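Trainee: output the structure for:
(one chain, ligands or ions: 1)
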Amino acid sequence: MDPNRYIRQTALKEFGPQAQKKLAKSRVLIVGAGGLGVPVLQYLNSMGVGTLGVVEQDVVSISNLHRQVLYTERDIGKPKLEVAFKKLKAQNSSTRLRGYDTFLMASNALGIIKDYDIVIDASDNFPTRYLINDACVILKKPFVYGGLQGFEGQVSVFNYKGGPTYRCLFPNMPTIDEIPNCNINGVLGVLPGIVGNLQALETVKMLTGIGEVLRGKLLLFNALDQTIQKINFSLQENSLNITELKYSYGIVSASPFSEITVDELKDLIDSQRNVQIIDVRTQEEFEAYKIPNSVHIPLNDLGNRYHDIDLKQPIYLICQSGKRSAQALEQLKNQFSEISLYSVRGGINTYVAVCS
Ligand SMILES: Nc1ncnc2c1ncn2[C@@H]1O[C@H](COP(=O)(O)OP(=O)(O)OP(=O)(O)O)[C@@H](O)[C@H]1O
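Mentor: Residues are numbered from 1 along each chain as shown. As a prediction, the model looks like this:
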C-alpha cells in the first residue's frame, strides 16, 4: 500500500499511524445502502476501515439519485449492493467488502451481526431499527443510529460500553399511523449526506478511541437554521429486559416440552456422547454448516426416512431458523406416540451466533 494514502489523516497527532492501524483491523456492518448508507460507505471505505459488511437487497431507482450519490442514471434497476461494491472497490481496493444480498430480519440478524465490531443503522424503517438494537443488545455490540425527519437529522450511539440503548430513548415501536415516511414527507438530498457523515464520524471515533462518543446523547441537526442540539438520556433498566429479548430471538426456550435452546443443546453435546440431532435443512444448507455427528434428513424426505431415526432415543430436530424443525416435530409427533422430541429454537442461525 502506498504510504501516502492516509498521510493527511495520520498527520493529525491525535490520530496518527496507530489509529490508522486500528481502522484497518476493524469490521463494520452497514444495514442499508441508501441515503445514509452511501455516505457512510464512501467515507469508511476511503478512510481505510478494513472490513465493511453491507446488508441490502434493493435496486437503484430514479428517485434515489438526488441523495444516493454513489449511483448514476446507468445504474437504475441494478442491485445497490452490486453497483456500490464495484465503485467502492475502485475507490479503495484494499477494503474487504462483504455483501449480504438480503434484508436484515429476525432470522438472520444475530448470524450476520456477530462478525462485526460496530453496526450502523442506515435503514429507513422502525422494525429494522428495533431489530438492530435488540440484536446488538444480545451480542453486546454498539450501534450507530441515524434518522431523518423533514429538515431534521438525528444521530446517536446506542449500547456503547454499557450505555443506553435505542429502547431507553424510544421504548416501543410506533404504530403504523405514527410513522413518518420520507416517501410521503420528502427529504432534501443533502441531509442524509450530513447525517451519514456524522454516523461515519462516530464510528471512526469508537474504532480509534479519539474524541467523545455520542453515548447517552441524541444529536439533533436542524438543516434550516444549521443548529445542533444535544439531548441527554440515560439507561433505563426496564427497557433492557434481556431475558425477554433473548426469548424473542430464540435464545431462551419458550416451551420446555417441545423446544430446546441452542445453549441447552450445546450443554448436551458437551456432556453426552450420543445426542441424536436430525438436521432437516436442504443439502446445500447442510453442506454450508453442520453440527458434527448430526444426521441429515431434509424435511421433504422425512416421511421416507423414519428408519434412519432411533425412536427410542430423544430426537433433537434442527433447521436454519426453527420453523422447519417445528414442522418436522409435528410430523413425527403425529406419526409416533411416546417419543421424545425437541425442536431447536432459532435453529442453526442462533446456534452459530451463540455457540461458534
Ligand atoms: N431490513 C433491512 N435490511 C437491509 N437493508 C434495508 C432494510 N430496511 C431498509 N433497508 C435499505 O435501507 C435503505 C434506506 O435508504 P433510503 O432511506 O434512502 O430509502 P430508499 O428505499 O433507498 O428510497 P425510497 O424511500 O425513495 O424508495 C434502502 O436501500 C433499503 O433497501
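Trainee: tell me the pLDDT of the residue in the chain positioned nearest to the ligand.
Mentor: Residue of the chain nearest the ligand, by CB to the nearest ligand atom: G34 (1.9 Å). C-beta: built from backbone N, CA, C; applies to glycine. As predicted, G34 sits at a pLDDT of 97.
Trainee: quick check: it touching D58?
Mentor: Yes: between G34 and D58 there is a contact under CB atoms under 8 Å: 7.0 Å.
Trainee: who has more neighbours, the two?
Mentor: Neighbours around G34 and D58, counted as other CB atoms under 10 Å, are more numerous at G34. The numbers are 20 against 14.
Trainee: hang on, the more buried one in a helix?
Mentor: No: using DSSP: H, G, I helix; E, B strand; the rest coil, the secondary structure at G34 is coil, not a helix.
Trainee: apart from its neighbours in sequence, what residue is nearest it?
Mentor: Q68 (5.8 Å; CB to CB, 6 or more residues apart in numbering).
Trainee: helix/strand/coil for the one you found?
Mentor: Q68 - assigned by three-state DSSP - is coil.
Trainee: that one against V38, yeah?
Mentor: Yes: counting by CB under 8 Å, Q68 touches V38, with 4.8 Å between them.
Trainee: touching both of these two, which residues are there?
Mentor: P192 (CB atoms under 8 Å, 6 or more residues apart in numbering).
Trainee: tell me which parts of the chain are close to the ligand?
Mentor: 31-35, 37, 55-56, 58, 63-64, 80, 103-104, 123-125, 128, 182-183 (CB under 6 Å from any ligand atom).
Trainee: list only those of these flagged as buried.
Mentor: Buried subset of these (neighbour count, 16 or more other CB atoms under 10 Å): 31-35, 37, 55-56, 64, 80, 103-104, 123-124, 128, 182.
Trainee: and A288, how many residues sit next to it?
Mentor: A288: 11 neighbours (other CB under 10 Å).
Trainee: ditto for the one 10 residues further on
Mentor: The tally of other residues near P298 (other CB under 10 Å) stands at 17.
Trainee: give the contact list for it.
Mentor: Taking CB under 8 Å, 6+ apart, one finds 280-283 in contact with P298.
Trainee: PyMOL command for the buried members of these?
Mentor: Buried residues within the contacts of P298, by 16+ other CB under 10 Å, are selected in PyMOL with:
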select buried, resi 280+281+282
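Trainee: and the contacts of P298, which is closest to E73?
Mentor: When the contacts of P298 are ranked by distance to E73 (CB to CB), T282 comes first, at 39.6 Å.
Trainee: and the nearest residue to that closest one once chain neighbours are set aside, what pLDDT?
Mentor: Take T282 and drop its neighbours on the chain: the residue closest to it by CB to CB, 6+ apart is P298, 5.8 Å away. For P298, the pLDDT comes out at 96.
Trainee: over to the one 4 residues further on?
Mentor: Model confidence at L302, expressed as pLDDT, equals 95.
Trainee: likewise for Y249?
Mentor: For Y249, pLDDT reads 72.
Trainee: in TSV, list the contacts of P298 along with secondary structure and pLDDT.
Mentor: Shown next, in TSV, are the contacts of P298 (DSSP: H, G, I helix; E, B strand; the rest coil; pLDDT from 0 to 100):
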residue	secondary structure	pLDDT
V280	coil	96
R281	coil	96
T282	coil	95
Q283	helix	95
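Trainee: for V344, state which of the contacts of P298 is nearest.
Mentor: Proximity of these to V344 (CB to CB) peaks at V280, which lies at 10.3 Å.
Trainee: how about the helices in the protein?
Mentor: Using DSSP state H, the helices of the chain run over 7-10, 16-25, 37-47, 80-91, 109-113, 126-139, 166-169, 182-185, 190-208, 242-248, 262-271, 283-288, 323-335, 347-355.
Trainee: buried ones in the longest one, by neighbour count?
Mentor: What that stands for is helix 190-208. By 16+ other CB under 10 Å, the buried positions in helix 190-208 come out as 191-208.
Trainee: thinking again about what came up before, tell me who's in contact with the residue nearest to G34.
Mentor: So Q68 contacts 33-35, 38, 60, 80, 192 (CB under 8 Å, 6+ apart).
Trainee: distance of Y342 relative to Y289?
Mentor: Noted for Y342: a distance of 20 Å to Y289, by CB to CB, to the nearest Å.
Trainee: where does the stretch 51-200 of the chain have low pLDDT?
Mentor: Low-confidence segments of the stretch 51-200 of the chain, defined by pLDDT under 70: 176-185.
Trainee: does P314 really touch E338, like I thought?
Mentor: No: with contacts counted by CB under 8 Å, P314 stays clear of E338, the gap being 12.0 Å.
Trainee: those two: which is more packed in?
Mentor: Applying other CB under 10 Å to P314 and E338 shows that P314 carries more neighbours, namely 14 against 6.
Trainee: check contacts around the more buried one.
Mentor: Contacts of P314 (CB under 8 Å, 6+ apart): 275-276, 340-342.
Trainee: next: T10.
Mentor: Under the criterion of CB under 8 Å, 6+ apart, the contact list for T10 reads 16-17, 19-20.
Trainee: what's the pLDDT at it?
Mentor: For T10, the pLDDT comes out at 96.
Trainee: against A19, how distant is it?
Mentor: Taking CB to CB, one finds T10 at 7 Å from A19.
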